[in-house]
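J.: Fold the following for me, if possible:
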Amino acid sequence: MHIYSAFTSSDVSVTTAATTILQIATPSTRRAKIIEAWVSFNSVTATDVPGLVELVQATSNGTSSAMTPVAWDRADPAALCAAAITFTVEPTGPTVLMPFKQSPIGTTLIYQIPLGVEIEMLISSFVGIRLTCPQAESGIRALIEFQE
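T.: Okay, the predicted model is just below:
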């Protein structure tokens with residue numbers, strides 16, 4: 001299997017509404033496995049309270065911009081999975097796979113999924129990172145690493 005990274009290509013800002021900031025979509029011909037996900041905040045405001053970071057499975061892609069996943073090995077073929085960022089319409093029907101609380105004050109949450117229990121994505125499915133913060137935040141970055 002080949003390993004790819006999909007990530008936000010610039011700093012992301014969110015309001016207090018639930019916001020998907022990154023999503024992976026499998027094609028109709030191939031499954032994928034999520035092996036790692038991370039979110040990085042860079043707030044310096046001491047009164048900012050933790051936000052909710054969720055790994056979610058959606059039923060649609062919503063409206064977004066495309067991001068081309070990057071292969072870890074330059075000899076690998078291009079990823080068949082598509083990545084999406086900068087959502088203007090949220091994906092539908094999200095089901096929470098993993099919820100985390102995360103302080104936005106200069107922290108990074110890295111979740112490496114143990115070998116053998118990776119999150120397996122079926123064909124034509126969507127998995128993303130969604131944030132719900134009690135206050136508006138900016139300077140956020142996210143990444144999903146996957147195998148296909």
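J.: what about stretch 40-52, start to end distance?
T.: 13 Å (CA to CA, to the nearest Å).
J.: Revised request: answer the last question for stretch 93-108.
T.: First residue to last in stretch 93-108 (CA to CA) measures 27 Å.
J.: Let me know the average pLDDT across that stretch.
T.: Taken as a whole, stretch 93-108 has a mean pLDDT of 89.
J.: repeat for stretch 38-53
T.: The average of the pLDDT scores along stretch 38-53 is 90.
J.: Could you list the residues in contact with it?
T.: For stretch 38-53, the surrounding residues in contact (CB atoms under 8 Å, 6 or more residues apart in numbering) are 11, 21, 99-111, 129-135, 137, 139-143. Every residue, glycine included, has its C-beta placed from N, CA and C.
J.: swap in stretch 113-130?
T.: Contacts to stretch 113-130, defined as CB under 8 Å, 6+ apart, come from residues 18-37, 39, 53-61, 81, 84, 91, 94, 97, 142, 144, 146-147.
J.: Filter the contacts of stretch 38-53 down to the ones in strands?
T.: Assigned to strands by DSSP state E, the following of those qualify: 21, 99-102, 108-111, 129-132, 137, 139-143.
J.: Mind checking which of these are buried?
T.: Neighbour counting by 16 or more other CB atoms under 10 Å classes 21, 102, 109, 129, 130, 131, 137, 140, 141, 142, 143 among the ones in strands among the contacts of stretch 38-53 as buried.
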